[in-house]
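Trainee: only the shape, not the letters, is given here:
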């Protein structure tokens, strides 16, 4: 594969707008539905009384939490019986297919050397590798760092025009136009994929049917023990990628992709129109669109190690963007129903549970915690009123959801750490409720941004692990092996 000079700069325009896009946050019909639902509450109160409305609302909430508990328990349990895609040993293909690596970068000069080392450590023929560094036009600092670097010939520099929206998916669409590979993969600047990941992906694609259009590698962190936040973040990622998404694959539902290390068949990705540049969790949206067009995603038996956010304010900004994008994805894919290229199926409910349900709990949790705490603190004054909202069946369902649900979710938080062999992190799983409270704070921030700045991309600062005491963790130790558990890396 011929490559231009490492310092060649290419300018391209972004792809066109998708039919289903987050460009419009809420359609007129959706506004009518939302207003109608809100108006139905006081209307029902006038007809049946506020107490009856309160009982109905808390009954729905209890039912929602019970359903979420049962579904999450099923996904975790079924993941124990599932192996992720990829051969246990890496064979050889002759020739190896071409891979195009897309790396969108913005203000990442400090971490650029680490990324170059990670990419050059990939065990893949350089002649079959195209690595596109997607730089923003106004990011002169990173452009200067790239010019001063001695990049191998498989690296190409692409300057993304300074236009609105300034988002990662817009940059990826520019890169997709220039990608020449049979397969396309995204890596973030702080990523360190396992060296044989591309070979595993190529072999898995070669041995799976064409309807498997995407392979999602697991994501985890290399600065696990930097502080308390990174420990909790790692436990969450281990639960999500190693248990819940593996279970969701077995269940057959749509898989919300992670923002990195998703490997695509290039022609399928182009046929879908690439990424939605207006959706700030373009990965989740693309995973849903793949499913709706009849394609499937499999989890890949490989791990990419990233930097866990170690500062709370930076974590809140990152998490609020994810939640905002999840809300965008729900709004986009509930317009006009669950339109599939083969008709309807029940996985619309799976989509609502996995994407919409996870967002909803961030808003409901604080309300229920505040109500429970207020009941015990001010029982003499409000106890009777609160009890009237929970007649027998609702009370018992709520108790099961409160006690059983919290125990189960703390347990799965611990189980995620165990799946990676991070035994010393298990005790931190007991702090999961405080972690959920931080997610609720981020959710409120996300909702405010969705209203005011729906397409604004909250920039996550990377490279914080390079500024602190690196003796607290070792990237090499974390990424040199992947713990084997239940037949998965």
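Mentor: Sure, I can see it. Owing to the predicted nature of the structure, the values given are computational and were not obtained by experimental measurement. Residues are numbered from 1 along each chain as shown.
Trainee: can we go C-alpha only for contacts and neighbour counts from here?
Mentor: Will do.
Trainee: give the buried residues for stretch 46-62.
Mentor: For stretch 46-62, the buried set under the neighbour-count rule, 16 or more other C-alpha atoms under 10 Å, comprises 50, 53, 54, 55, 58, 59, 61, 62.
Trainee: now do the contacts for the first one.
Mentor: Under the criterion of C-alpha atoms under 8 Å, 6 or more residues apart in numbering, the contact list for residue 50 reads residue 44.
Trainee: where's it relative to residue 448, distance?
Mentor: The spacing between residue 50 and residue 448, counted by C-alpha to C-alpha, to the nearest Å, is 28 Å.
Trainee: let me see the mean pLDDT of the longest helix seen in the chain.
Mentor: With residue count as the measure and DSSP state H as the assignment, the chain has helix 50-79 as its longest helix. Across helix 50-79, pLDDT averages out at 92.
Trainee: repeat for stretch 175-183
Mentor: Over the span of stretch 175-183, the pLDDT mean works out to 97.
Trainee: kindly report the same for stretch 388-401.
Mentor: Averaged across stretch 388-401, the pLDDT comes to 88.
Trainee: got a list of contacts for it?
Mentor: With C-alpha under 8 Å, 6+ apart as the criterion, stretch 388-401 contacts 51, 52, 54, 55, 58, 59, 62, 63, 65, 66, 69.
Trainee: which pair of the residues you listed spans the longest distance?
Mentor: With distance counted by C-alpha to C-alpha, no two of these lie farther apart than 51 and 69, which are 26.7 Å apart.
Trainee: okay, the contacts of stretch 388-401 in CSV with distance to residue 223 next?
Mentor: Listed next are the contacts of stretch 388-401 as CSV, based on distance: C-alpha to C-alpha, whole Å:
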residue, distance to residue 223
51, 50
52, 51
54, 46
55, 46
58, 41
59, 42
62, 38
63, 39
65, 33
66, 35
69, 31
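Trainee: now the helices for the stretch 351-489 of the chain?
Mentor: In the stretch 351-489 of the chain, the segments counted as helices under DSSP state H, counting those that start in this stretch are 357-377, 379-388, 392-399, 405-419, 432-452, 475-479.
Trainee: can you tell which of the ones you listed is closest to residue 309?
Mentor: When the helices of the stretch 351-489 of the chain are compared by C-alpha to C-alpha, helix 432-452 sits nearest residue 309, at 13.3 Å.
Trainee: give me the contact list for that closest one.
Mentor: The contact list for helix 432-452, computed with C-alpha under 8 Å, 6+ apart, reads 25, 232, 316-317, 319-321, 323-324, 359, 362-363, 365-366, 410, 413, 456.
Trainee: got a PyMOL select line for the buried ones in those?
Mentor: One line in PyMOL is enough to select the buried ones among these; burial here means 16+ other C-alpha under 10 Å:
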select buried, resi 25+232+316+317+319+320+321+323+324+359+362+363+365+410+413+456
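Trainee: pLDDT value on the closest residue to residue 186 other than its chain neighbours, please?
Mentor: For residue 186, the nearest residue in space outside its immediate sequence neighbours is residue 102; the separation is 4.8 Å by C-alpha to C-alpha, 6 or more residues apart in numbering. Reading off the confidence values, residue 102 has pLDDT 98.
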